[in-house]
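Enquirer: this one's structure only:
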């Protein structure tokens, strides 16, 4: 977003500046209150403009992730990390090729130094968490943190993120990632069944959104300001929010989709080319809106239904429980646990007419929708989900 | 905005230089769907980009999931769309993600890096995996050794690769997506494959009048298939 650009949406430059000043003041107030007002910080990260500057992000991102910045452990020497690391070669290949992630015009030696740091952060987190597996695209996430907060803090934030929001992507296989992608079509179906049906008949699948999901759009957006704005949003929200945002992008392009030839290649091609001039603030607000209207518990049902897989109705209540549902896989695991008990309920769901299929997306207004989305995760930073021992998708 | 997006490599729709008069192919042109597989960093993206856009991409990044490129060509007066599905090299992607894209594939291109012996040694597992995804055995497959321009770094000798290719009844091509002097070679590889498909395989029409029907057009067998 061109934050300093004058009139936008009818708001004069002066108004915009004063609005921004007011927001900065509110953020510092939340940071300086005792205890820190994390709920307010979440709302700031979601609402228009997000956290505004990298300076603020350095202060707020750790709070959103509940990372203590007072005693960050020192980073071990890179050389030790690189010996005997099963992922080293792949990380090296991916980081060396990730030139586009660095600001254009950055001198080569500076960029190369950052690339070395990037490799070390990734290897460090992987070494300390042997249950995590590197995936191509992880480096796109880590580089964002490195560029905004520097290597030491980035290591701590990325480690927290990897054991929570990104945890499912880092399983030995991508089965859980695939299941999370299964949420995409049900969201689209709720808002625009025509687009949904079109995509289904094209058999486009959901892989066009894979890199969006597992890099939090870091891989596909070329303007770094857009990337960090989205990171503000995702860090403050439920881990499934990126899939809502993906749906919102598809829905925003509904006419293009419907005008497309109805085959896998054409639709995949169209959708995987993400437009660079998306109205991010509007889409963020819509994604929050959709999350509120069609919370993950409903989608778990739809996703299962759509895939004709084993179904189990999830009973978790999004608003009350989202605070302990920080890992997307929790949704899935919850479903599994409910499976045995849920068979009867499943039958009734499968035969139930989809009454809300034609419900129009209500315009709830930015504050209401985003406030509610924030509310859904307000307590989350304090109550991270416990580790679930149950592996349901072997 | 720094808009140069490499994953938007798909200049391909406009990059179809060989189509006389340019423009989109007629609605009912045939489609050849080709999947390109091989280890990470062997040059799958560069090869497909080279063929579709006509040049070596300046910078490429890791492919996440599957990228798609397309080019329209004319073979013996018939317009044909060649679809290249460029896949991620990391093993975790191919296990659960890529299989969807094996559907209705007409040909497979296996790629290894001539300067990286490990990428050559991975080929049997790629071949095995491909067998599991494809229903029939008679789908044309070719083997491409990439980066032959790095003469001093070659780790996979041609005779070794040739032997392997023979064992698996595949033609072998050694090439470089990068080498400007090799301008026509990448082109020739994919065009050879397209000729083979055109003369050999019954293929689906791109826009069947009725979506529920599959139109099969049997083609006469070629008198002779010359590969190299």
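Expert: Alright, I've got the coordinates. These figures come from a predicted structure and were not determined experimentally.

Enquirer: adjacent strands (with direction) for the strand or helix carrying residue B:79?
Expert: Secondary structure assignment for residue B:79, by DSSP states H and E: strand B:78-87. The strands that strand B:78-87 pairs with in its sheet are strand B:30-38 (parallel), strand B:66-75 (antiparallel) (by DSSP bridges).

Enquirer: let me see the mean pLDDT of the first one.
Expert: By that I understand strand B:30-38. Per-residue pLDDT over strand B:30-38 has a mean of 94.

Enquirer: that one: what's the following helix or strand?
Expert: Scanning onward from strand B:30-38 (DSSP H and E), the first element met is helix B:44-53.

Enquirer: elements contacting that following helix?
Expert: strand B:30-38, strand B:66-75, strand B:78-87, strand B:107-113, strand B:141-146, helix B:185-200 (3 or more Cβ pairs under 8 Å, 6 or more residues apart in numbering or on different chains; DSSP states H and E). For glycine as for every other residue, the C-beta is placed from the backbone atoms N, C-alpha and C.

Enquirer: strand B:107-113 and that one, what's the angle between them?
Expert: Calculated by axes from the mean of the first three to the mean of the last three Cα atoms, to 10 degrees, helix B:44-53 forms an angle of 130 degrees with strand B:107-113.

Enquirer: quick one: work out the angle between helix B:44-53 and helix B:185-200.
Expert: Using the same axes, to 10 degrees: helix B:44-53 against helix B:185-200 is 70 degrees.

Enquirer: buried set for helix B:44-53?
Expert: B:44-53 (16 or more other Cβ atoms under 10 Å in any protein chain shown).

Enquirer: also stretch B:112-121?
Expert: Neighbour-count burial for stretch B:112-121 [16+ other Cβ under 10 Å]: B:112-116, B:119-120.

Enquirer: how about the residues of the stretch 151-300 of chain A by chain B?
Expert: A:172-175, A:177-178, A:201, A:203, A:205, A:207-208, A:210-211, A:214-215, A:219-220, A:222-223, A:261-265, A:268-269, A:272-273, A:276-277 (Cβ under 8 Å from any Cβ of the partner chain).

Enquirer: do you know which of the helices and strands packed on helix B:44-53 lies nearest residue A:297?
Expert: strand B:66-75 (30.5 Å; Cβ to Cβ).

Enquirer: any buried residues in stretch B:171-190, and which?
Expert: Going by 16+ other Cβ under 10 Å, stretch B:171-190 has these buried residues: B:171-179, B:182, B:185-187, B:189-190.

Enquirer: and the residue nearest to residue B:61 when sequence neighbours are not counted, what does it touch?
Expert: Spatially, and ignoring its direct neighbours in sequence, residue B:61 is nearest to residue A:97 (5.1 Å; Cβ to Cβ, 6 or more residues apart in numbering or on different chains). Taking Cβ atoms under 8 Å, 6 or more residues apart in numbering or on different chains, we find residue A:97 in contact with B:41, B:59-62.

Enquirer: from those, list just the buried residues.
Expert: By 16+ other Cβ under 10 Å, the contacts of residue A:97 give B:41, B:60-62 as buried.

Enquirer: would you format the helices and strands packed on helix B:44-53 as a markdown table with distance to residue B:160 included?
Expert: Output for these, formatted as a markdown table (distance: least, Cβ to Cβ, whole Å):
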| stretch | distance to residue B:160 |
| --- | --- |
| strand B:30-38 | 17 |
| strand B:66-75 | 30 |
| strand B:78-87 | 25 |
| strand B:107-113 | 11 |
| strand B:141-146 | 10 |
| helix B:185-200 | 20 |
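
Enquirer: mind giving me the packing neighbours of the helix or strand where residue A:114 lies?
Expert: Here residue A:114 sits within helix A:108-128, counting by DSSP H and E. If contacts are counted by 3+ Cβ pairs under 8 Å, 6+ apart, helix A:108-128 sits against helix A:78-82, helix A:88-96, helix A:138-149, helix A:151-162.

Enquirer: check the offset of it from the chain's centre.
Expert: 22 Å (Cα atoms, centre = their mean, to the nearest Å).

Enquirer: how about that helix, which residues are buried there?
Expert: A:111, A:114-115, A:117-126.

Enquirer: surely residue A:73 is within a helix?
Expert: No - looking at residue A:73 with DSSP: H, G, I helix; E, B strand; the rest coil, it is coil, so not inside a helix.

Enquirer: quick check: buried residues in the helix or strand of chain B with the lowest mean pLDDT?
Expert: In chain B, no helix or strand scores lower on mean pLDDT, DSSP states H and E than helix B:91-96, which sits at a mean of 83. Using 16+ other Cβ under 10 Å as the test for burial, helix B:91-96 gives B:92-94, B:96.

Enquirer: quick one: which of those residues is nearest to residue B:125?
Expert: residue B:94 (9.7 Å).

Enquirer: what residues are up against that closest one?
Expert: Per Cβ under 8 Å, 6+ apart, neighbours of residue B:94: B:37, B:87-88, B:129.

Enquirer: can you check residue A:36 too?
Expert: A:30, A:63.

Enquirer: which SS state does it fall under?
Expert: Going by three-state DSSP: residue A:36 is coil.

Enquirer: state the phi and psi torsions of it.
Expert: With angles defined as degrees, to the nearest 10, residue A:36 shows backbone torsions of phi -60, psi 140.

Enquirer: pLDDT wise, what is it at?
Expert: 93.

Enquirer: distance of it relative to residue B:75?
Expert: Residue A:36 sits 67 Å away from residue B:75, going by Cβ to Cβ, to the nearest Å.

Enquirer: stretch B:119-133 close to chain A?
Expert: No - using Cβ under 8 Å from any Cβ, stretch B:119-133 stays clear of chain A, coming no nearer than 11.1 Å.

Enquirer: may I see the buried residues of that stretch?
Expert: Here stretch B:119-133 shows B:119-120, B:122-123, B:126-127, B:129-130, B:133 as buried, counting by 16+ other Cβ under 10 Å.

Enquirer: now those residues as a markdown table including distance to residue A:294, secondary structure and pLDDT?
Expert: Below are the buried residues of stretch B:119-133 laid out as a markdown table (distance: Cβ to Cβ, whole Å; DSSP: H, G, I helix; E, B strand; the rest coil; pLDDT from 0 to 100):
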| residue | distance to residue A:294 | secondary structure | pLDDT |
| --- | --- | --- | --- |
| B:119 | 44 | helix | 97 |
| B:120 | 49 | helix | 98 |
| B:122 | 43 | coil | 96 |
| B:123 | 45 | helix | 97 |
| B:126 | 40 | helix | 94 |
| B:127 | 44 | helix | 93 |
| B:129 | 37 | helix | 89 |
| B:130 | 39 | helix | 90 |
| B:133 | 34 | helix | 85 |
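
Enquirer: right, and out of these, which lies closest to chain A?
Expert: Proximity of the buried residues of stretch B:119-133 to chain A (Cβ to the nearest Cβ) peaks at residue B:119, which lies at 11.1 Å.
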